[in-house]
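> Sequence and predicted structure, then a few things I'm wondering about:
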Amino acid sequence: MEFFTKTPAVRLKSHLNKYLSAADDQSSTKQTRRGDARRTRWLVELVDTNPHVVRLKSCHGRYLTAAADPFLLGMTGHKVLQTSPENPARDLAIEWQPIRDGFQVKLKAAAAGTYLRANGGTPQWRNTVTHDSACGAGAGANWVVWDVEAVEDEAVVDYWSMVSSFSSVEEISGLDIGYGFESPMRSPAMTPATPSRWWSMKKGFFCD
C-alpha cells in the first residue's frame, strides 16, 4: 500500500515491460511500451472508508474497473475497463487492494477477489489486460505482478488535479481562464492561476 500513498499518480509496468494504458475509446485498457504517454499515468485516490484499497483514475477522468463481462466467451478472465460510476463511493468494482510481493505489487479487485493481469501470447490476448485468479507458483505467476513507478513531476500533478475535478475532458475544454486546483488527495482549495500557468496546464489536458 505504501507504493500508492506517497505519490499522486503512478505508472504500472507489467512482467512484459509494458505499461497499463487507458485506451482512446475511454472504455477499454491495454498494455503499451510508451511509458512516457499520459495514457499510462493513473491518478491515485485513497478511500476514506477503507485504508487498504485505492482507486485509479485515467487521463480520461474514468476509473480502472474490474468489470463482470468475460473477456472472451468460454475463456477465463474478465474485462478491465474505464468507467464513470454515478456513485464511486459505493462501487467496489473501482477499488483495488495493493498486495506487496517483494518490490512489486499485485492489485486485487475488491469486488471480485481477482487480480489485475497482463496478458501476452496469441493475438487475441496480446497486450490485453484482464482480471483473473492468481496463477499459483507456475510460469504464469508473474502475470499478476506489477512494478509501480511514481509520477512526481509538478506539471503532471497539476494536470491530474485539474482532470479529477471534472467529469469529462469535454467539460474541461470548454472552460475559460479561471482557477487552479489542489490535488484531490488533499482538502480542496481554489487559488487564482495566472493566464500563462492556466494555458500551460490546459494544453496538457488531452491524452497524447
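Thanks, I have the structure now. Numbering: from 1, shown residues only.

> from here on, contacts and neighbour counts on C-alpha atoms
Fine.

> For the strand ranked longest in the chain, give the mean pLDDT please.
In the chain, assigned by DSSP state E, the strand with the most residues is strand 63-70. Per-residue pLDDT over strand 63-70 has a mean of 95.

> which of the residues in that strand are buried?
63, 64, 65, 66, 67 (16 or more other Cα atoms under 10 Å).

> same check, this time on stretch 116-126
Those would be 116, 117, 118, 119, 120, for stretch 116-126 by 16+ other Cα under 10 Å.

> Double-check that residue 150 belongs to a helix.
No - if the criterion is DSSP: H, G, I helix; E, B strand; the rest coil, then residue 150 is strand and not within a helix.

> just the CA coordinates of stretch 49-64, formatted as PDB?
What follows is stretch 49-64, C-alpha atoms only, in PDB (Å, rounded to 0.1, in the frame of the first residue of the first chain):
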ATOM      1  CA  THR A  49     -13.800   4.200   4.300                       C
ATOM      2  CA  ASN A  50     -11.100   1.600   3.600                       C
ATOM      3  CA  PRO A  51      -7.400   2.400   4.000                       C
ATOM      4  CA  HIS A  52      -6.400  -0.900   2.400                       C
ATOM      5  CA  VAL A  53      -7.700   0.000  -1.100                       C
ATOM      6  CA  VAL A  54      -7.200   2.600  -3.800                       C
ATOM      7  CA  ARG A  55      -9.000   3.900  -6.900                       C
ATOM      8  CA  LEU A  56      -7.000   4.600 -10.000                       C
ATOM      9  CA  LYS A  57      -8.300   7.300 -12.500                       C
ATOM     10  CA  SER A  58      -7.200   7.500 -16.100                       C
ATOM     11  CA  CYS A  59      -6.300  10.600 -18.100                       C
ATOM     12  CA  HIS A  60      -9.900  10.500 -19.400                       C
ATOM     13  CA  GLY A  61     -11.100  11.000 -15.800                       C
ATOM     14  CA  ARG A  62     -12.500   7.500 -15.700                       C
ATOM     15  CA  TYR A  63     -11.800   4.800 -13.100                       C
ATOM     16  CA  LEU A  64     -10.000   1.500 -13.600                       C
END
